[in-house]
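A.B. asks: below: sequence and its predicted model.
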Amino acid sequence: MFGLTPYDKWQRGIERKRSDWDIERMFDNMLESFYNNTPFPNLLNSKEMNMKVDIKENDKEYTLEAEMPGAKKGEINLDLKDDILTISWERKNEVNEEKENYIRKERSYGSTSRSFYVDDVDIEKSTAKFEDGVLVVNLPKKEPSLPKNSTIKIQ
């Protein structure tokens, strides 16, 4: 038996040099990361804003752990509306440097957010802590309510 090697008639066996801004590569990366929150990963620096989230559940609570490298506590917001918990992070950075005749001024801005459906949690007892670039949100479950029985009279 012999092996088959895929052949691309356009490359003719020679790997062509591709830049980071190659439209074909950008499109491939966009399709590969379709279900992530970054549809154009080439446009982001690897040090830029990322948020990886782990969710754990036990009998009493849900725990969300969001890795937010480089974030500061004041840049993070937690909002709960209509049973949707949204973690958002917005960063603004400005660098001014003046030396002799050289002037440099750089600005960067970034934001990211993740949303989760959180039904049956006791928001009044929920807690959040941010330490060492990790946001930990504890969402205690509501006590299950007992079914109410009632009788409807027929007239």
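C.D. replies: Now that the structure is in, tell me what you want to look at. Numbers count the residues shown, from 1 in each chain.
A.B. asks: what's the neighbour count on L85?
C.D. replies: Around L85 there are 20 other residues, counting by other C-beta atoms under 10 Å. Where C-beta positions appear, they are placed from N, C-alpha and C, glycine not excepted.
A.B. asks: next secondary structure after the helix or strand of the chain with the lowest mean pLDDT?
C.D. replies: Lowest on mean pLDDT, DSSP states H and E among the helices and strands of the chain sits helix 23-32, with a mean of 67. Later in the chain than helix 23-32, the nearest helix or strand by DSSP states H and E is strand 52-57.
A.B. asks: what's the following helix or strand after that next one?
C.D. replies: strand 61-67.
A.B. asks: what is that following strand packed up against?
C.D. replies: Applying 3 or more C-beta pairs under 8 Å, 6 or more residues apart in numbering; DSSP states H and E, one finds that strand 61-67 contacts strand 52-57, strand 84-99, strand 134-140.
A.B. asks: if you count neighbours, what's buried in stretch 97-111?
C.D. replies: Buried residues in stretch 97-111, counted by 16 or more other C-beta atoms under 10 Å: none are found.
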